[in-house]
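Undergrad: Show me how the following folds:
(chains A, B, C and D)
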Number of protein chains: 2
Amino acid sequence: MTDQRAARAAGRTETIMRTALDLAREAGYAKLSIEAVAARAGVSKHTIYRRWPSRGLLFLDAVLSLNAAGLDHPDTGDIVADLREVMTRAADLLGRPPWGPLYRDLIGEAQHDPDVADALNQRFIQPQTADTLARLQTAKDQGQIAPDFDLHLAMEVLSGPLYFRLLITGEPVTNDYIDRVLRAAFTGMAPRPGPT
Amino acid sequence: MTDQRAARAAGRTETIMRTALDLAREAGYAKLSIEAVAARAGVSKHTIYRRWPSRGLLFLDAVLSLNAAGLDHPDTGDIVADLREVMTRAADLLGRPPWGPLYRDLIGEAQHDPDVADALNQRFIQPQTADTLARLQTAKDQGQIAPDFDLHLAMEVLSGPLYFRLLITGEPVTNDYIDRVLRAAFTGMAPRPGPT
DNA sequence: TCAATACGGCACGTGCCGTGCAGTAGGGTG
DNA sequence: CACCCTACTGCACGGCACGTGCCGTATTGA
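TA: Reported below is the predicted structural model:
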């Protein structure tokens, strides 16, 4: 059996990623170096370079390994409640210490490394988007969303403000803020002349 | 006159920033080094370090110097048209080559350098936000926006999707997309049972 | 004439990069 | 059992950029 070999290799891979996360949490991604990871993990640099072509992709793997739990959308029949649930979980996980700063660093790295950007998209953003779209489609079928509304746009209108706070202004993404974004996205900002 | 000295210094500062922009456009921000800027600008490293404490803040100054033209909001009386105008100009300037990639890099750098993040906020985001808020307030006074709508949230709902595309998915921010974001922000995604 | 200021040129020690090479430990195979 | 093979450690290397220090110089203003 070559399973033994594979198991050892997987164990080392795991160790390296966890060490990278530890170091990044302690000193920040800017201070994260392959040499430091190798030293602390008790591993040769070759062993890291054999698995990852760059610091950025190692870091990507390490951060995405946190998402094992996943951020799937529930379906209680109430689209607003379900969206709030997922947005709250996402904000708690990715918007706060200890993982918030690392997720920010990861997106920052994606801005100058196309490989990281592509991998982040394919392995996290797109699956997450697909799940959101599926839940939105169900809601639209049930008449909770205007029939002519582009659901991809809906996803962007909901996510955009959260990322704006996370990446640009640094303001915290609170539960209250999520509620207000949801209300704004559903009712719009135009004056409501109708009866109601 | 010490004006002579000041003029010479200002000239060098200008030269250094333009050289940094040139290098960043050619090889990307990742390849931008103080040494390279110094060499091409025909300047000693000291001369750069005397002006900027880090590569990130030099790059910030360089990129923000492009915005001399400004992105002020017009006021034609039609808030949607005016927002579209500014959003289009912003997308053209910051969302496309040659400056789009550099603006992305700048925001990326802000994710791991708090100094850059703070300076970007204070010197670009906040003034831009204030201008947007002023224009939105006028519109609200004229009844074009619901009286109870939080204008700061409005700004985030409008900007968020554009930044989401710029930084996360990399999809282009087209004029059509801006139109659709505006429509979504104003009318909302809830079904419209009303008359109309 | 003389001090002050800003600069260029040069060099230094440090840290990390990515790679190469030799030696080794462990399972897998005849 | 002896052999091979793969993955690994350890060490070393050249290269690059960092941030700083020192020295000589040119321009400015007292």
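Undergrad: contacts, neighbours, all on C-alpha from now
TA: Will do.
Undergrad: How about stretch A:96-110 and chain B, touching?
TA: Yes: taking Cα under 8 Å from any Cα of the partner chain as the criterion, stretch A:96-110 and chain B are in contact, through A:104-105, A:107-110.
Undergrad: Please see if that stretch touches DNA strand C.
TA: No: no part of stretch A:96-110 sits close enough to DNA strand C to count as contact by Cα under 7 Å from any atom of the strand; the gap is at least 13.7 Å.
Undergrad: Centre of the chain to that stretch, how far?
TA: Centroid separation between stretch A:96-110 and its chain, computed with Cα atoms, centre = their mean, to the nearest Å, is 9 Å.
Undergrad: Quick check: buried residues in that stretch?
TA: A:96, A:99-110 (16 or more other Cα atoms under 10 Å in any protein chain shown).
Undergrad: how about CSV for the residues of stretch A:96-110 next to chain B, with secondary structure and pLDDT added?
TA: Supplementary listing: the residues of stretch A:96-110 next to chain B in CSV, determined by DSSP: H, G, I helix; E, B strand; the rest coil; pLDDT from 0 to 100:
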residue, secondary structure, pLDDT
A:104, helix, 97
A:105, helix, 97
A:107, helix, 98
A:108, helix, 98
A:109, helix, 98
A:110, helix, 98
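Undergrad: nearest to chain B, of the residues you listed?
TA: When the residues of stretch A:96-110 next to chain B are compared for distance to chain B (Cα to the nearest Cα), residue A:108 wins out at 3.8 Å.
Undergrad: residues in contact with that closest one?
TA: For residue A:108, the contacting residues are B:105, B:107-112, taking Cα atoms under 8 Å, 6 or more residues apart in numbering or on different chains as the criterion.
Undergrad: let's see it at 7 Å
TA: When contacts are counted by Cα atoms under 7 Å, 6 or more residues apart in numbering or on different chains, residue A:108 is found next to B:108-109, B:111.
Undergrad: again, but for residue A:100
TA: Counting by Cα under 7 Å, 6+ apart, residue A:100 has contacts A:93-94.
Undergrad: sorry, back to before: and which of the residues of stretch A:96-110 next to chain B is nearest DNA strand C?
TA: residue A:109 (13.7 Å; Cα to the nearest atom of the strand).
Undergrad: Residue A:151 versus residue A:12, what's the distance?
TA: In this structure, residue A:12 lies at 42 Å from residue A:151, with Cα to Cα, to the nearest Å as the measure.
Undergrad: now do residue A:6
TA: Here the criterion is Cα to Cα. By it, residue A:6 lies 43 Å from residue A:151.
Undergrad: Give me the more crowded residue out of those two.
TA: Taking other Cα atoms under 10 Å in any protein chain shown, residue A:6 and residue A:151 do not tie; residue A:151 has more neighbours (20 against 11).
Undergrad: Surely that one touches residue A:133?
TA: Yes: with contact taken as Cα atoms under 7 Å, residue A:151 and residue A:133 are classed as touching, separated by 6.4 Å.
Undergrad: what's the neighbour count on residue A:53?
TA: Around residue A:53 sit 10 other residues, with neighbours defined as other Cα under 10 Å.
Undergrad: May I have the secondary structure class of it?
TA: Here residue A:53 is coil, with the state taken from DSSP: H, G, I helix; E, B strand; the rest coil.
Undergrad: Can you pull out the residues in contact with the lengthiest helix in chain A?
TA: Using DSSP state H, we find that the single longest helix of chain A is helix A:3-27. The contact list for helix A:3-27, computed with Cα under 7 Å, 6+ apart, reads A:32, A:37, A:41, A:59, A:62, A:98.
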